[in-house]
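Trainee: quick one, fold the following:
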Amino acid sequence: MNSKQLDSIPPTNPVNLTNDLTLSPRINLLLSIYRSDTSVSPLDEWKLKNSLIDFLKSSFSYPINLPEEDLLIRRFKDLKKRKREDPIALCSIFIRDLGFVVSSAKKLKGSDDSEDELLEKKFLDWRNVLVEKMDGLEVNLEGVKFRVCASLPVSDDFQLMKKNWEEFYAFGSGNYSRGTKKEPDTIILRGLPSRWFAETRVSSKPSMLVTHTIFSTFGKIRNLNVAKDDDLGKDTNADDEDLISGLQCKVVVQFEQYKEFYNAMKVLCGRSLQKDGSRMKADYEVTWDKDGFFQSSWRHTQDNRNDGPRHRSYSSRYSPEDVRSKRYKE
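Mentor: All right, here's what the predicted structure looks like:
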């Protein structure tokens, strides 16, 4: 797949990769749940799920059907220690059936925009409408009232990330150097299923060769790093046991050209990873590298070499021997 084809793929279309993998489109919303009355009754997750699912189905010009498994709720631990103005739970909504976007785009046929441009426009419009309608929503669960704050995850907002890296290289520490315009070229992905990047019937650990083949779909790769990623989601005090359902890996990809990086970022944003024959959907996080990952790794290797023979220099990119075995929930 060439760069022109990647650049023109609308956000409602799946993207086929190698190794039986597919990037499936979806809209992801993050909801923070707050109390809006003086009640101290515990949050009924089942009632909250049903209320939000009914709202999506009945509050828009096109019904939005959301399976129960695509609405994840994480309650915070130690609620008694939290301030009243703090959220009591976090929700993640994954809208995978985007037929309502396609239907609304068809009504605009005949305009000067191409079909792909219409789909992208309506996708962005619908995503904004969903955030606006759900942000500030009051939910009454049999007399117990809650308030919803809605937002998009940063890793799903390509235009925001693009604005961030342009400002970073224009005004921040990554600005012009020796008269040459600097641009990002490295993508960081977290929460990828390790076994999907492994050699079939050889190992469950991710393979550099398989990973390189998969991401070469987007262009020529300069550097690649694969590492275990067991800490994803553990930086909050939310109960996240259901989110980390198995061994995951972190992949850092440096492309040869900015255009390849740009197309890969655009395609990876707003999609989930699926594998033929598996019901699991990997809702990874994607961002761009502003810390010079590979430059730091190179400096660290050089420092180890300069320290003399008493220090070992490790060339392995992935060392999962100390990882305890987990199983995916499929």
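Trainee: could you chop this structure up by domain?
Mentor: 26-152, 155-306 (automatic domain parsing).
Trainee: could you work out the end-to-end span of the shortest one for me?
Mentor: Separation of the first and last residues of domain 26-152 by CA to CA, to the nearest Å is 12 Å.
Trainee: which stretch in the domains of the chain has the least confidence?
Mentor: The minimum mean pLDDT among those belongs to domain 155-306 (a mean of 84).
Trainee: can you list contacts of stretch 210-226?
Mentor: By CB atoms under 8 Å, 6 or more residues apart in numbering, the surrounding residues in contact with stretch 210-226 are 1, 3, 6, 17-19, 21, 185-186, 197-199, 206, 208, 249-257, 259-261, 263-264, 267, 293-294, 297, 317-318. C-beta here means a position set from N, CA and C on the backbone, and glycine is covered the same way.
Trainee: sort out which residues of it are buried, please.
Mentor: Residues of stretch 210-226 classed as buried by neighbour count (16 or more other CB atoms under 10 Å): 210-211, 214-219, 221, 223-226.
Trainee: tell me which stretches of the chain form helices.
Mentor: Ranges of helices in the chain, per DSSP state H, are 3-7, 45-58, 99-106, 115-134, 158-171, 208-215, 258-268, 293-306.
Trainee: out of those, which is closest to residue 35?
Mentor: helix 45-58 (12.3 Å; CB to CB).
Trainee: list the contacts for residue 106?
Mentor: The contact partners of residue 106, by CB under 8 Å, 6+ apart, come to none.
Trainee: show me what contacts residue 209?
Mentor: Taking CB under 8 Å, 6+ apart, one finds residue 199 in contact with residue 209.
Trainee: report the separation between it and residue 43.
Mentor: Distance, residue 209 to residue 43, using CB to CB, to the nearest Å: 46 Å.
Trainee: thought residue 184 was touching residue 293, still the case?
Mentor: No. Counting by CB atoms under 8 Å, residue 293 stays clear of residue 184, with 11.2 Å between them.
Trainee: returning to what we had before: dump the domains of the chain into JSON lines; add distance to residue 11 as well.
Mentor: Shown next, in JSON lines, are those (distance: least, CB to CB, whole Å):
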{"stretch": "domain 26-152", "distance to residue 11": "5"}
{"stretch": "domain 155-306", "distance to residue 11": "5"}
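Trainee: nearest to residue 10, out of those?
Mentor: Ranking the domains of the chain by their distance to residue 10 (criterion: CB to CB) puts domain 26-152 first, at 3.8 Å.
Trainee: so what's residue 281 closest to, chain neighbours aside?
Mentor: residue 272 (4.5 Å; CB to CB, 6 or more residues apart in numbering).
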